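Asks: fold the following.
(chains A, B, C and D)
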2 protein chains.
Amino acid sequence: MSTDAEPRWRRLEPDARREQIFTCARRLFRERPYSAVSTADIAQAAGVARGLVNHYFGTKRNLYLQVIKRMMFIPEEWAETLPDGPVEVRVQIGLTQFLDRISRHSKAWLSMSGAAGVGHDPDVEEILAEADQTGASRIMEMIGADKDNPQARAMILAFVGLTKAAGREWLAKESLTREQVQLLLEQSLLTIVRTVLPTLK
Amino acid sequence: MSTDAEPRWRRLEPDARREQIFTCARRLFRERPYSAVSTADIAQAAGVARGLVNHYFGTKRNLYLQVIKRMMFIPEEWAETLPDGPVEVRVQIGLTQFLDRISRHSKAWLSMSGAAGVGHDPDVEEILAEADQTGASRIMEMIGADKDNPQARAMILAFVGLTKAAGREWLAKESLTREQVQLLLEQSLLTIVRTVLPTLK
DNA sequence: CCTTCTGTTGACACCTGGTCAACAACGTGT
DNA sequence: ACACGTTGTTGACCAGGTGTCAACAGAAGG
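Replies: So this is what the prediction gives:
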């Protein structure tokens, strides 16, 4: 009889196991809505007992929040340095970089871009709001706005809404070309800079 | 002994009972996320057995979809007639009417305005997309755009994204005044009409 | 080979959603 | 009044999902 006694399961470093489960969970959450993914599914995908998922992540909900949180964080740095120069040029370059970014990570970006609202989950909304704030800060750098002016920031947050919607039209629905999106965002942002923000004082 | 024999429960017309349960469900879904509302909660709020909720609405999910669907439908008519005249005037009046509308129904509007995405549920997204299309049509009337031009429509759908984000800044976060939102939307829309849309054909 | 450590398992208790046969409120005919 | 049929309503039942935890077993060291 075979004496090799293949072990029925292998031990992993906690970090490795955690990461493995996390990866499987992220994949599943991307392709199905939250409630259609069971912890059993996640465990099975990771080839692991169901209890282990809870052991590493506590609750399914918490695991989900971590997935969202990490989607928000895109590996490369946000800010390649922007050249000095007139707003028009900075906006053009900044938006080009931005569109490069989201097209490179389109899948992750799309699953993040629209969110919050109806099923309004405070925790999820908070994470998403944070992402919007990051985007807004970046844009305010582009246009040289005062980052501490809450009204200016609110205006730019609204513009971020335009950005996300336009991005979806381009990447998900393919009803606009990249050039069209760029033109739309560029012109809108310049209008805001030139006409709307100055009224703030 | 009292012979009046107060009945333990009362029969209602199916429509009345359905409406009663629906109202309780809507209230609960507005104040808590989907998964935090159990059918037992809904039944209890309506003073009714749990099974009755399923009897009238099939599944909890279906009830939820109906709640969303009805939130989307705002009773008064969309279109008070817009006067003929230059785009600038039509846009100004149209946006004023629009802001009147959403401030009047701010609570319902806010729970609809942001949505879809992360927990991406196809059915919910479809309902919300339909609402966006309705809004887009209205705006295209305002600016006299060709409603059958898919690219123009896509541009306006992106603008709807700006609208929703700006509305949230005003009504939910109160970081902008109504006047500021109006200015932002007016200027952005005019820019789109004058500078962006003409490049399409 | 025995011991220790701990990553991992599998069974358990609990909760939630959907089904369905039985029940009881109410209108109707006598 | 009283029986009767209709049907709105109930409550028990089952399937399936989540979180907990004591016990198990792979790996490393003596």
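Asks: how's chain A carved up into domains?
Replies: Following automatic domain parsing, chain A resolves into domains at A:14-71, A:87-200.
Asks: take the ones you listed and write them to JSON lines, including mean neighbour count, mean pLDDT and distance to B:Leu63.
Replies: Every C-beta, even on glycine, is put in place using the N, C-alpha and C of the backbone. Output for these, formatted as JSON lines (neighbours: other C-beta atoms under 10 Å in any protein chain shown; pLDDT from 0 to 100; distance: least, C-beta to C-beta, whole Å):
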{"stretch": "domain A:14-71", "mean neighbour count": "16", "mean pLDDT": "96", "distance to B:Leu63": "14"}
{"stretch": "domain A:87-200", "mean neighbour count": "19", "mean pLDDT": "92", "distance to B:Leu63": "14"}
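Asks: how about those, which one is nearest DNA strand C?
Replies: domain A:14-71 (2.2 Å; C-beta to the nearest atom of the strand).
Asks: can the closest one be found next to chain B?
Replies: Yes: Domain A:14-71 is in contact with chain B by C-beta under 8 Å from any C-beta of the partner chain, via A:Pro33, A:Tyr34, A:Ser35, A:Ile68.
Asks: so of those, which ones are in strands?
Replies: Residues of the residues of domain A:14-71 next to chain B located in strands (DSSP state E): none.
Asks: now, which of the residues you listed sits nearest A:Leu185?
Replies: Taking C-beta to C-beta as the measure, A:Ile68 is the one of the residues of domain A:14-71 next to chain B closest to A:Leu185, at 25.1 Å.
Asks: would you mind giving the domains of chain A as CSV with distance to B:Leu176 added?
Replies: Formatted as CSV, the domains of chain A follow (distance: least, C-beta to C-beta, whole Å):
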stretch, distance to B:Leu176
domain A:14-71, 27
domain A:87-200, 5
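Asks: okay, those in CSV with distance to DNA strand C next?
Replies: Listed next are those as CSV, based on distance: least, C-beta to the nearest atom of the strand, whole Å:
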stretch, distance to DNA strand C
domain A:14-71, 2
domain A:87-200, 13
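Asks: closest one to B:Thr191 among these?
Replies: Closest among the domains of chain A, using C-beta to C-beta: domain A:87-200, at 4.3 Å.
Asks: quick one, what contacts A:Gly161?
Replies: B:Gly161, B:Leu162, B:Thr163, B:Lys164, B:Ala165, B:Ala166, B:Arg168 (C-beta atoms under 8 Å, 6 or more residues apart in numbering or on different chains).
Asks: got it, and A:Arg90?
Replies: Contact partners of A:Arg90, counting by C-beta under 8 Å, 6+ apart, are A:Leu82, A:Pro83, A:Asp84, A:Met142, A:Ile143, A:Gly144.
Asks: swap in A:Ile139?
Replies: Going by C-beta under 8 Å, 6+ apart, A:Ile139 touches A:Gly94, A:Ile156, A:Phe159, A:Val160, A:Leu189.
Asks: just checking, which of those residues belong to helices?
Replies: Among the contacts of A:Ile139, the members falling in helices (DSSP state H) are A:Gly94, A:Ile156, A:Phe159, A:Val160, A:Leu189.
Asks: now for these: which two are most distant?
Replies: A:Gly94 and A:Val160 (13.2 Å).
Asks: what about A:Lys107, distance to A:Arg26?
Replies: Using C-beta to C-beta, to the nearest Å, A:Lys107 is found at 11 Å from A:Arg26.
Asks: whoops, I mixed them up, A:Thr163
Replies: Separation of A:Thr163 from A:Arg26 (C-beta to C-beta) stands at 24 Å.
Asks: and what of A:Phe98?
Replies: In this view, A:Phe98 and A:Arg26 are 24 Å apart by C-beta to C-beta.
Asks: then A:Gln92?
Replies: The gap separating A:Gln92 from A:Arg26 is 34 Å, by C-beta to C-beta.
Asks: repeat that for A:Tyr34.
Replies: A:Tyr34 is 13 Å from A:Arg26, by C-beta to C-beta.
Asks: what does A:Glu6 give?
Replies: Per C-beta to C-beta, A:Glu6 is found 30 Å from A:Arg26.
Asks: thinking again about what came up before, so which of the domains of chain A comes closest to B:Ala40?
Replies: Across those, B:Ala40 has its closest neighbour in domain A:14-71 (17.1 Å, C-beta to C-beta).
Asks: what's the first-to-last distance across that closest one?
Replies: End-to-end distance for domain A:14-71, by C-alpha to C-alpha, to the nearest Å: 22 Å.
Asks: does that domain come close to DNA strand D?
Replies: Yes: Domain A:14-71 reaches DNA strand D (C-beta under 7 Å from any atom of the strand) through A:Val37, A:Ser38, A:Thr39, A:Ala40, A:Arg50, A:Gly51, A:Asn54, A:His55, A:Gly58, A:Thr59, A:Lys60, A:Arg61.
Asks: please identify the helix or strand for the last one.
Replies: With the criterion set as DSSP states H and E, the secondary-structure element containing A:Arg61 is helix A:60-72.
Asks: so how far is that helix from its chain's centroid?
Replies: The chain centroid and the centroid of helix A:60-72 are separated by 11 Å under C-alpha atoms, centre = their mean, to the nearest Å.
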